[in-house]
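In: Quick one: sequence and predicted model below, then my questions.
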Amino acid sequence: MSEELKRQAAAMALTQVQSGMQLGLGTGSTARHFVDLLGEKVAAGFECICVPTSEATARQAESLNIPLSDLDTLDRLDITIDGADEIDPQLNLIKGAGGALLREKIVAAASDLMIVIADSSKLVETLGRFPLPIEVNRFGLGATRRTVEAVCRAHGCAGEVRLRTTATGESYVTDGDHLILDAFFGRISQPEALSADLLDIAGVVQHGLFLNMCKKAYVAAPDGVRTLSSDN
Ligand SMILES: O=C(CO)[C@H](O)[C@H](O)COP(=O)(O)O
């Protein structure tokens, strides 16, 4: 989908931002548009303070002179604006293709409202078409991976559980110095149970299922931007 659609969704989210707000800034190509647009507003005198969900977003925001803080200093955030890899009809999400799922989840959980911005290619009836990222500790990778595989199989995962690598073949390392396993489900029939079982594994740091966290999504398609809401 085009950058123009992502930018349209980002522009809609910007209309929800008011002067003086404390904001969470997401990660990825769609969130990047939001940060660019926010930067233009800040350059024109708009006041806000933001917590980035990745080093990449922090660098972008700093280059645009967007004031940054952290969750040690700020108690709560008003809104977090972030992208997603999949969005189901209840606004449950898969996130983490950009590797930032841990900070994204921490920041979203510290926010009164999470708004997702996306193009319509991210809409699905059932989560799982996109591989589920699972962030794991480096220590004990083999044992953690075998347990993750067993849990994923028990939840109907017929595909691979693959260690994420970079273009040059090295293990992909997150901002928190962890690794990522991508689980190719195809379909996740019981996301709550899967979430609980994954979080029960000692070496699992977090996973990319964002359940009951997103209340609003702006989804851009060639015929306009739709607002989706959830009362979860
Ligand atoms: O979860 C994420 C990063 O960890 C991203 O928000 C997600 O991958 C969507 O990215 P994009 O807007 O580039 O499609």
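Out: It's in.

In: Relative to the ligand, how far out is the closest residue to residue 174 other than its chain neighbours?
Out: Spatial nearest neighbour of residue 174, excluding adjacent residues (Cβ to Cβ, 6 or more residues apart in numbering): residue 99 at 5.2 Å. (Each C-beta comes from the backbone N, C-alpha and C, glycine too.) Applying Cβ to the nearest ligand atom, to the nearest Å, the value for residue 99 to the ligand is 6 Å.

In: and if you look at residue 154?
Out: Using Cβ to the nearest ligand atom, residue 154 is found at 25 Å from the ligand.

In: Give me the neighbour count for that residue.
Out: Neighbour count of residue 154, defined by other Cβ atoms under 10 Å: 11.

In: And the pLDDT at the residue nearest the centre of the chain?
Out: The chain has residue 95 as the residue nearest its centroid, 4.1 Å off, counting by Cα atoms, centre = their mean. Listed pLDDT for residue 95 reads 98.

In: what do you get for residue 135?
Out: Model confidence at residue 135, given as pLDDT, is 98.

In: quick one, what contacts it?
Out: 96, 101-102, 174, 176, 178-180, 204-207 (Cβ atoms under 8 Å, 6 or more residues apart in numbering).

In: Mind checking which of those land in strands?
Out: 179-180, 204-207 (DSSP state E).

In: Work out for me the element residue 105 sits within.
Out: Using DSSP states H and E, residue 105 sits within helix 101-109.

In: Quick one: mean pLDDT for that helix?
Out: Rounded mean pLDDT across helix 101-109 is 98.

In: what element comes up after that helix heading to the C-terminus?
Out: Sequence-wise, the next helix or strand downstream of helix 101-109 (DSSP H and E) is strand 111-119.

In: For that following strand, list the C-alpha coordinates in CSV.
Out: Presented in CSV, the C-alpha positions along strand 111-119 are these (Å, rounded to 0.1, in the frame of the first residue of the first chain):
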residue,chain,number,x,y,z
SER,A,111,-1.5,5.3,27.9
ASP,A,112,-5.1,6.2,28.4
LEU,A,113,-5.7,5.6,24.7
MET,A,114,-4.0,3.6,22.0
ILE,A,115,-4.7,4.7,18.4
VAL,A,116,-3.6,2.5,15.6
ILE,A,117,-2.9,3.9,12.2
ALA,A,118,-2.7,1.6,9.1
ASP,A,119,-3.7,1.1,5.6
